[in-house]
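Could you look at this predicted model? Sequence included:
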Amino acid sequence: MDNSNIARQEAIELDNQDKLAHFKQEFYIGDETLYMDGNSLGLLSKRAEETLLTSLEDWKHHAIEGWTDGEQPWYYMSEKLGEMTAPLIGAKKEEVINTGSITTNLHQLLATFFKPEGKKTKILADTLNFPSDIYALKSQLRLHGLDPEEHLIQVPSDDGRTLDEDTIIELMNNDVALLLLPSVLYRSGQLLDIKKLTEAAHEKGIIVGFDLAHSIGALPHELHEWEVDFAVWCTYKYLNSGPGGVGGLFVHEKHLGQAPGLAGWFSSRKDKQFDMDHTLIPAETAGAFQIGTPHILSSAPLIGSLKIFEEAGIENIRKKSLQQTEFMMKLIEQELDGFGFTIANPRENKRRGGHVSLEHDEAARICKALKEKHIIPDFRSPNVIRLAPIALYVSYEDIFEVVMHLKEIMEKQSYKKFENERGIIA
Ligand SMILES: Cc1ncc(COP(=O)(O)O)c(C=O)c1O
Ligand SMILES: Nc1ccccc1C(=O)C[C@H](N)C(=O)O
């Protein structure tokens, strides 16, 4: 048997031993498709579909009464989802609420926690974070009358892929009021040491926020114990809530009880909200950081989806995800040697998230060639192919197939018939 046949055999054996394998049947995907893009948009599960349909039924049968009656009362849905999400991030249920999007939640929490005072007026972030977070930071600085050129410090990267925690810590000086970082970097998949960074920042009196977009649902967190001040995330990636699915936020217990920077009537204590008083009495939970009416139809699928996480267990998901990405990297090294690929994510388990980051000069058109073969990766400019074998619905055999198709594309140079440019949505 040649090496690729040995690898196929290994994939089949790993699938046979896999205790999470049965979850794959719960997700919708074309028979021919090998979906590697669950880190951008997760797949629809039957359970998410069911809980969305339940909310439609509640609307159909209860109309306005659906806020309190019906199977999934809308008035409490964001809190219920917060409670279901808490175990995925190591939080108490009061510390979590399902609301907004990453960017709007970030605005809310910056409006609440960024309080420039005296010399402490700067925000520390990095040069590799997703642009939306940086736009939010700059606009919040401007709202305070501060010039981002001077007040936003962005930690540089030596290799353009990863960040060095010690360099970040060196930049935590007494001028810094707030630190915002991604837990996992969206391009390279590097997982930062949240605990170490939080401890170091707190020693300098810096408020710490994390963007969990690329880690929630992929790996466990201990936000309460690590004393992270706040966190934001989306639910449409690893949590499979659907396009535009409502996001979430975490505020540490020690900050609960304070008024939200951006208030609205859904920031209210639930029993007080309909008093319609013009003085806000904020919820004593993370619910206080909601603003307006919750987007029920974009929240309901998450109920079903999170039930799958409750059953599967985030520790088991992480274990499988690490084994799958390891298997994928091993195959890439074995089968794609000499074709010009670089594995850009860190190799140690404790420094990587749920996707493999492959760099290639022809990445944009290699992605197009993969899509022609019904393999869905994503491309991130200028040269990254992201491949995310999602533990809940990708098998080891799927991973084997993806790498073998990639090999064929490179051998036949079939990518050359495409332009090496990104599409409108990369
Ligand atoms: C790290 C990160 N932050 C922020 C965003 C933007 O989030 P949203 O559009 O939900 O505000 C994304 C992806 O869309 C992301 O990957
Ligand atoms: N929200 C989206 C809407 C349309 C297309 C992609 C996205 C993404 O989420 C991209 C993702 N944040 C990324 O890591 O690149």
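Thanks, I have the structure now. Ligands and ions are numbered 1, 2, ... in the order given.

And whichever residue of the chain sits closest to ligand 2, what's its pLDDT?
Nearest residue of the chain to ligand 2, counting by C-beta to the nearest ligand atom: Tyr186, 3.9 Å away. Glycine gets a C-beta too; all of them are placed from N, C-alpha and C. Predicted confidence (pLDDT) for Tyr186: 98.

How about Gly30?
Gly30 is given a pLDDT of 89.

dump the residue contacts of it.
Counting by C-beta atoms under 8 Å, 6 or more residues apart in numbering, Gly30 touches His374.

What parts of the stretch 201-350 of the chain come near ligand 1?
Residues of the stretch 201-350 of the chain lying close to ligand 1 (C-beta under 6 Å from any ligand atom) are 211, 213-214, 234, 247.

try 5 Å
The stretch 201-350 of the chain has residues 211, 213, 234 near ligand 1, with proximity defined as C-beta under 5 Å from any ligand atom.

Counting neighbours, which of the residues you listed comes out on top?
When neighbours are counted by other C-beta atoms under 10 Å, Asp211 leads those with 27 neighbours.

elements contacting the biggest strand by length in the chain?
In the chain, ranked by residue count with DSSP state E as the criterion, the top strand is strand 176-182. Secondary-structure packing of strand 176-182 (3 or more C-beta pairs under 8 Å, 6 or more residues apart in numbering; DSSP states H and E): helix 102-113, strand 122-126, helix 131-143, helix 194-203, strand 207-211.

hey, C-alpha coordinates of that strand in PDB?
C-alpha atoms of strand 176-182 as PDB (Å, rounded to 0.1, in the frame of the first residue of the first chain):
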ATOM      1  CA  VAL A 176      -3.200  52.000  28.200                       C
ATOM      2  CA  ALA A 177      -6.700  52.000  29.400                       C
ATOM      3  CA  LEU A 178      -8.100  49.000  27.500                       C
ATOM      4  CA  LEU A 179      -6.800  45.900  25.600                       C
ATOM      5  CA  LEU A 180      -8.800  44.200  22.800                       C
ATOM      6  CA  LEU A 181      -7.500  41.100  21.100                       C
ATOM      7  CA  PRO A 182      -8.900  38.200  19.200                       C
END
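
and that strand, which strands flank it?
strand 122-126 (parallel), strand 207-211 (parallel) (DSSP bridges).

Can you list the buried residues in the following helix or strand past the last one?
Using DSSP states H and E, the helix or strand that directly follows strand 207-211 along the chain is helix 223-226. When neighbours are counted by 16 or more other C-beta atoms under 10 Å, the buried residues of helix 223-226 are found to be 223-224, 226.

ok, now stretch 35-49?
So for stretch 35-49, counting by 16+ other C-beta under 10 Å, buried means 35-45, 47-49.

Can I get the residues you listed in a markdown table including distance to ligand 2?
What follows is the buried residues of stretch 35-49, written out as a markdown table (distance: C-beta to the nearest ligand atom, whole Å):
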| residue | distance to ligand 2 |
| --- | --- |
| Tyr35 | 14 |
| Met36 | 13 |
| Asp37 | 9 |
| Gly38 | 11 |
| Asn39 | 7 |
| Ser40 | 5 |
| Leu41 | 7 |
| Gly42 | 10 |
| Leu43 | 14 |
| Leu44 | 16 |
| Ser45 | 18 |
| Arg47 | 22 |
| Ala48 | 17 |
| Glu49 | 20 |
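
I'd like to know how many residues surround Ile6.
Count around Ile6 with other C-beta under 10 Å applied: 11.

All good on my end, thank you.
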